[in-house]
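> I would like to see how this sequence folds:
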Amino acid sequence: MTSYTPPHERAREAFLDAVRFDRAGLVPIIAQDAATGEVLMLAWMNRAAVEETLATGRVCYFSRSRGTLWRKGETSGQVQRLVELRLDCDRDSLLALVEQTGVACHTGRRSCFFTAIRDGAVTEIAAPLADPEALYGGAR
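So this is what the prediction gives:
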């Protein structure tokens, strides 16, 4: 896996200016495991979160429920290191290719996408790999 190199300031500003944030100043972002392609989670970023992520290489989100920046792994140790940040064709959503330490989901599962319809029934297709209380103290 190649290590992340922060872009020069002009490139970072050009990327930030290209993002079409919604009326609330947010953009949805999907985190995907860079090595396996597994989709890990969907979250939100504001301009400050994108800026910090690009500058540090550690993925930072915006918590809509807390109204503040949320640095992935800050309390749980389940860190996401940025490999590459991509902007979609409409410039209104992001894809972060990441190296995930531990689990990505606050439920203790590797991915937040663990519920599916299979054989006509709603089914949980992945069990927790970690205790969410131990990771997050019940907080998201």
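
> Now do residue 115 against residue 107, distance only.
Residue 115 sits 10 Å away from residue 107, going by Cβ to Cβ, to the nearest Å. Just so you know, the C-beta spots here come from the backbone N, C-alpha and C atoms, and that holds for glycine as well.

> So which bits of the helix or strand hosting residue 52 are buried?
Under the criterion of DSSP states H and E, residue 52 resides in helix 47-56. Residues of helix 47-56 classed as buried by neighbour count (16 or more other Cβ atoms under 10 Å): 49, 50, 51, 52, 53, 54.

> The fifth one and residue 134, how far apart?
So the one you mean is residue 53. According to Cβ to Cβ, residue 53 stands 26 Å off from residue 134.

> I'd like to know which of the buried residues of helix 47-56 is nearest to residue 122.
Nearest to residue 122 among these is residue 49, at 32.1 Å by Cβ to Cβ.

> Quick check: that closest one touching residue 60?
Yes. Using Cβ atoms under 8 Å, residue 49 is in contact with residue 60, at 4.7 Å.

> Common neighbours of these two, please.
69, 70 (Cβ atoms under 8 Å, 6 or more residues apart in numbering).
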